[in-house]
Each structure stands twice: as C-alpha cells, then as structure tokens.
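> Below are the sequence and a predicted model; questions follow.
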Protein chains: 2
Amino acid sequence: MFRNFAIVPRIIFGRGCFNQLDDILSEKRSGKGFVVFIVDDVFQNSPLEERIPAGGRDFILHVNVDDEPKTSYIDDLVAKLRDYSEELPEAIIGIGGGSTLDIAKAVSLLLTNPGSAADYQGWDLIKQPAVYKVAVPTLSGTGAEISRTTVLTGPKKKLGINSDYTLYDQIMLDPELVAGVPRDQWFYTGMDCYIHDVESLEGTYINEFSRAYGEKSIDLCRQVFLEDHPDKDDKLMMASYFGGMSIAYSQVGACHALSYGLSFLLGIHHAIGCCIAFNHLDEFYPAGVAEFRTMMNKHGIVLPQGVTSGLTEEQVEQMVVELKTI
Amino acid sequence: MFRNFAIVPRIIFGRGCFNQLDDILSEKRSGKGFVVFIVDDVFQNSPLEERIPAGGRDFILHVNVDDEPKTSYIDDLVAKLRDYSEELPEAIIGIGGGSTLDIAKAVSLLLTNPGSAADYQGWDLIKQPAVYKVAVPTLSGTGAEISRTTVLTGPKKKLGINSDYTLYDQIMLDPELVAGVPRDQWFYTGMDCYIHDVESLEGTYINEFSRAYGEKSIDLCRQVFLEDHPDKDDKLMMASYFGGMSIAYSQVGACHALSYGLSFLLGIHHAIGCCIAFNHLDEFYPAGVAEFRTMMNKHGIVLPQGVTSGLTEEQVEQMVVELKTI
C-alpha cells in the first residue's frame, strides 16, 4: 500500500507577494464575518504588522513562542477566540516561524473539533475540517508550511496532530519576510531542513518522489550554507518547501525523534535540538554530519554542550519511551 | 502581482499503486452512481484494461488519439455520456498519455459547463467546477497530469482550456504503467518535458520556485536520456511532474508556440512537433539544443525533415498569427 497524500493546494511565491494577502482573503470574506491573524509577538508594532490587512471585526492575536507550543496554550487561545465571537472566523492566517504556523494550524482545527488539543495528538484523530487557513512563514526550514502535522507538547508527550485537515489551504512564500532573522536562528532553522533531507534520503521509505524533492532541497541548502548567493532567502524558502514534500513520503528518522525528547524534558527548541542531536549521529549519517560541521564552521556557530548531563536515569528512560512512540 | 496558483491536491506515487484506484474511488462512490474510465484505445483488451476496477453501471469509454484531440471530438464524447445517463458520473478517470489525459479533463469540464468545448478555449472562461477527476498517466513527459490546461484543436485554433477547474483532483503516478511504450514515443514525450525545462529556465518569468522544479526536472531528464538507470521510468515520471510544476509559474516559450502551429496546420503530434521545432532553435537555446542532439544520437532517433516545405505562404502567415495568440 502506498500513501495517497494530500498537499497544500494553492501557492503564491515571490518577493513582496505578502501584499496580495488582502486580495486572497477577499475571496473568503462574506462581508459579515471576521478574520483572525495569529502573529508571533516579536512582530508587535513592527513594519510587518502594519502591513497586515486587518479591518472591521478582524482580530490580531499575538502569540508567544519563547516556549514551544503546548496543548494547554492552544486550548487557551481557542477559548479566547470563542469569547470574542460565537461565530467561526472566515479565515485564520498564521504569520511567523514554525511554532506560530503550528499554533495557527492547531487553533483552526480546535475551533471545529470539540475538546482539548491533547485529545487529538496522534494520527488521523481529527474528524471535522478546520477553518480555512493560510501560512505566511517568516522563517525558513521547518517545513511547517507544507506538513500535515502540528507538533505540540502535551501533558504526556510531544507529538503532532497528524491529519489531512491539518494542512494549510494556502501558503504565501515571500522571501522578503525572512530577511531580518538573527543569524543563529536562521542557521538552526535552516539545519532543520538540511536534517530532514538527510533523514529522508537515507531513510527506509525513500522512493523517487521523495528523492527528487530531497535531493533538490539538499542542493539548495548547500547553495545557502556553503556558498554565497544574493537570493539565499528565496533558495532557503524553496529548500524548506521541498524538504517538507520529501518527508511527506519518506518520513524523518532518529535525529528528529531525539530532538523531541530534548524538547519534552529540557524545553530545548526543535531546530537547535535537532542540531545538538545530529552532531552526535556520525555513526548513522557520517557524510551528512561532516557536511553539517563544515556549515557550522563557515557560519561561526557554536552548539551548546552537555545539555543532558543533569538528567536522571529515569528521565533518560523517559526519552527512550518517547522515542518508541514516534 | 504574483500568480496564486492551484496545484493537484492529492498524489500517490509508487510501482503498482494503480492497484489502489478502487480504494480511492470507493470514497467517491455513493453506491447509486457510476464512474467513467476514459482509456486510450491502444489498451483495448490489454492486461492493463483488465485491472480497471469497473463494475455495476460504470462506463469504459475508449478514445482514439491517432489525431490530437479536437473540440468536436470532446463534444461528441460528452453527448455520448449524456445519452448514457442523465446523471453526472461520480468520477472520471483518464488512463493514457497526454492526449487521453487532456480528453478526460475536457469531458469532465464540459459535463458541467454548457455549450461546446470550443467556447472555452482561452483563459478562465470555465465557470462551474468539473466532475471529480483522476489522472493515470501511461506516458511521461507532457505534464498534462499537473497542468491547468487541456490543449484542444478547435475550428479556429489550437489552444488550451486554461482554468483552475481544469486541474485534476488526484494523480496516480505508477512507473510500471509506462514500461511498454515504443522507443520513439518514449523519447519524443520525454523531450516534451526536457523542452519545458529549457524554456522555463531560460524564460523571462523564472523565479526560484520555477527554477527549483525546472533544475531538478532537467537533472532527472539527463539521468534518463544520457545515463542508464534501472529506475528510469520512475525518474521520468517525476521529471514530467516537476517540469509541469516549473512551467506553472514560468511558462513555455517559442518552441511550444511553433509546435502548436505545426500541429494545427499539419496534424503533427505535440511532442514530435516540439522536437522538430526545437532542433531549429540553436539561436535561442544553444546549450539546450546541443544536449538534445546528444540525446537523439544516444537513442538513434532520426527526426522527420522538411515537414513545412509544402506549406503555402498563406499557411506560414497563419502560423505566425497562431504564434501571436499564444
């Protein structure tokens, strides 16, 4: 049996295409409803926020992603929107990095599916279509814009809500929006994509579909992190999209599983957690890890060391259990 | 303004995935309706036809593509289906090469939009969604499985019905199905893809989205036509898909326009028409034409020569008019 997979059905790409968000939303507006913009709070009072086409009863919901999104946080945001209006919004727009995009996905799902976000962590537990949703990434590498999951830390585990309904209906890929990212964050998030590619290409489930996307994605990562190109933001945005398409078939491997454990126990963010774990996986991905270190050196990145030294044996055991459930 | 483009939202890829067509259709069947399989008549009484999951009131409609599809042929097929049942089919499945896939698209559109196929040749003239449709390509290279057009020869011109509604709802990419194609046809159709890539990559509208798809597609074409790989059918199937995605943004160029003229005036099929035209375009695509000739030599392909020698000046003038309307 081969997987029959769903992909985001509508894409706009280009420098400045964010300006067309108003046009895109106009097709969804009835004139009587409202739209919710879920925006990373680092953009509060920023020039980007001024460009958001909000008016009338529209709601700008700032979210904080200093910690990775928790299921309880999703439940709070959903309650806030239900307080704001008994009606469903006509659209939800996620503007930010992978965590913000995941929050916007989860909120869209939980507005139409009863209960807590924690009830739906797993595979295909969502039964009702979500509110129409649009992704506007401001960071490149996570693949959250294209994936059928929203990864959340729940009371018992870090696990995604995996469902065809989780997919965005529209993505806007505007490379101008990633220009101001701090270098460390840019690097770690880009490596999330690079590691997706290595894990996909080395994985058991590889086929020519995943290979074509994975090979082009890793080629673009090399152009971005080993060479110098004026359009590196455009390239990394496409690398992220292609990396996400590659793992849609081929899936991720050990590094992503380990990163989930680091995140659950130590609150380490996904992308840097992937880098910390990958740096110890020479045995499984020798060429990939060597190239990753060359990229780190070129960009003067120094990884935290010894992050798990304070863990108890029980906690390490818990990480192993985590690994087995993924 | 950037184009906000729609893509086929569901894909299955894999050797033997055609066996899952019955499962896929089961989600669309109400138990009371019927499904139409539009099948290239070269498959009549073939092992492939025996695998088609038709039963009950389902209808297998053989189509002949010795000539490229005409708008009048579409009108005839639509009339035939209306005679068969007053109800709409629950799904239409196109099984064949680019012409068959285009016929299935056009029939799906004309069952829900009144009038003749010729009324809709152009851009965004279709107003009603089509019948749910699935593409099963048995030839690789045209990109018909992914494009938002169905190219038809009408009373006045050869021109596509370009519309978001033209897109398939589902594609099944099963590399096993392309195994039995005659070598000449395999080569010409593959070159349709190679030429898409050259025209996209050299085109005015190129951006990083089209470049990523176009570069990987041409890389796969090189693996297929300049190297030897046991999984060349898988690779060409992905090259075709990626080539189609590349021109979705970047569009085709002079060669495709010339091929349309050759087809309209002389009935030359699209893929071989592209090859005949491309072989004379050294001035515009020097590297591409040189590589194309290397591929021809490797596979012992000899192109027809002097095909336009019998044309009158008036006919050549008509070709120029054709070119200007594309």
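Alright, I've got the coordinates. Owing to the predicted nature of the structure, the values given are computational and were not obtained by experimental measurement.
> Kindly tell me how buried the closest residue to residue A:147 other than its chain neighbours is, as a neighbour count.
Ranked by CB to CB, 6 or more residues apart in numbering or on different chains and with sequence neighbours excluded, the top spatial neighbour of residue A:147 is residue A:244, at 5.4 Å. The way it works is simple: take the backbone N, C-alpha and C, and place the C-beta from them, glycine included. Applying other CB atoms under 10 Å in any protein chain shown, we find 24 residues neighbouring residue A:244.
> Ok, residue A:251 next?
18.
> what's near enough to touch the closest residue to it other than its chain neighbours?
Among residues not flanking residue A:251 along the chain, residue A:205 sits closest, at 5.6 Å (CB to CB, 6+ apart). With contact set as CB atoms under 8 Å, 6 or more residues apart in numbering or on different chains, residue A:205 has these partners: A:249-251.
> Read off the pLDDT value for residue A:205.
Note on residue A:205: pLDDT of 85.
> Check the secondary structure at it for me.
Under DSSP: H, G, I helix; E, B strand; the rest coil, residue A:205 falls in the coil class.
> now it: how far from chain B?
For residue A:205, the distance to chain B (CB to the nearest CB, to the nearest Å) stands at 10 Å.
> One more: residue A:143?
Counting by CB to the nearest CB - residue A:143 and chain B are separated by 14 Å.
> Quick check: residue A:48 touching residue A:95?
Yes - with contact defined as CB atoms under 8 Å, residue A:48 counts as touching residue A:95 (7.5 Å).
> ok, those two, which is more surrounded?
More neighbours surround residue A:95 than the other of residue A:48 and residue A:95, with 27 against 19 (other CB under 10 Å).
> Run through the residues that contact that one.
Residue A:95 neighbours (CB under 8 Å, 6+ apart): A:37-40, A:43, A:48, A:52, A:136, A:138.
> Could you tell me whether it really is in a helix?
No - looking at residue A:95 with three-state DSSP, it is strand, so not inside a helix.
> so how far is residue A:67 from it?
Going from residue A:95 to residue A:67 by CB to CB, to the nearest Å gives 19 Å.
> Let me know how buried residue A:289 is, in neighbour terms.
Around residue A:289 there are 18 other residues, counting by other CB under 10 Å.
> Just the element for it, please.
According to DSSP states H and E, residue A:289 maps onto helix A:286-298.
> Residues in contact with that helix: which ones?
Residues from elsewhere that reach helix A:286-298 (CB under 8 Å, 6+ apart): A:187, A:191, A:194-195, A:198, A:202, A:222, A:225-226, A:275, A:278-279, A:281-282, A:301-303.
> which element is the residue nearest to residue A:147 on?
Going by DSSP H and E, residue A:244 is part of helix A:232-250.
> Heading C-terminal from that helix, find the next helix or strand.
helix A:254-266.
> name the helices or strands packed onto that next one?
strand A:151-153, strand A:158-162, helix A:183-201, helix A:270-278, helix A:313-325 (3 or more CB pairs under 8 Å, 6 or more residues apart in numbering or on different chains; DSSP states H and E).
> of all those, which lies closest to chain B?
helix A:183-201 (12.9 Å; CB to the nearest CB).
> Would you mind listing the buried residues in that closest one?
A:186-201 (16 or more other CB atoms under 10 Å in any protein chain shown).
> what about stretch A:13-26, near chain B?
Yes - shown here: stretch A:13-26 in contact with chain B (CB under 8 Å from any CB of the partner chain) through A:13-14, A:16-17, A:20, A:24.
> Which residues of chain A lie near chain B?
By the rule CB under 8 Å from any CB, the part of chain A lying against chain B is A:1-14, A:16-17, A:20, A:24, A:170, A:173, A:175, A:207-209, A:212-213, A:215-216, A:220, A:231, A:234-235, A:237-238, A:242, A:249.
> Among the residues you listed, which ones are in helices?
A:24, A:208-209, A:212-213, A:215-216, A:220, A:234-235, A:237-238, A:242, A:249 (DSSP state H).
> Out of these, who's the most crowded?
When neighbours are counted by other CB under 10 Å, residue A:220 leads these with 31 neighbours.
> can you tell me which residues contact that residue?
Here residue A:220 is in contact with A:235-236, A:238-239, A:242, B:212 (criterion: CB under 8 Å, 6+ apart).
> now do residue A:24
Going by CB under 8 Å, 6+ apart, the list of residues near residue A:24 reads A:12, A:134, A:170, A:172, B:4.
> What's the separation between it and residue B:210?
Distance, residue A:24 to residue B:210, using CB to CB: 20 Å.
> In stretch A:116-127, which residues are buried?
A:116-118, A:120-121, A:126.
> my bad, stretch A:108-118
For stretch A:108-118, by 16+ other CB under 10 Å, it's A:108-111, A:113, A:116-118.
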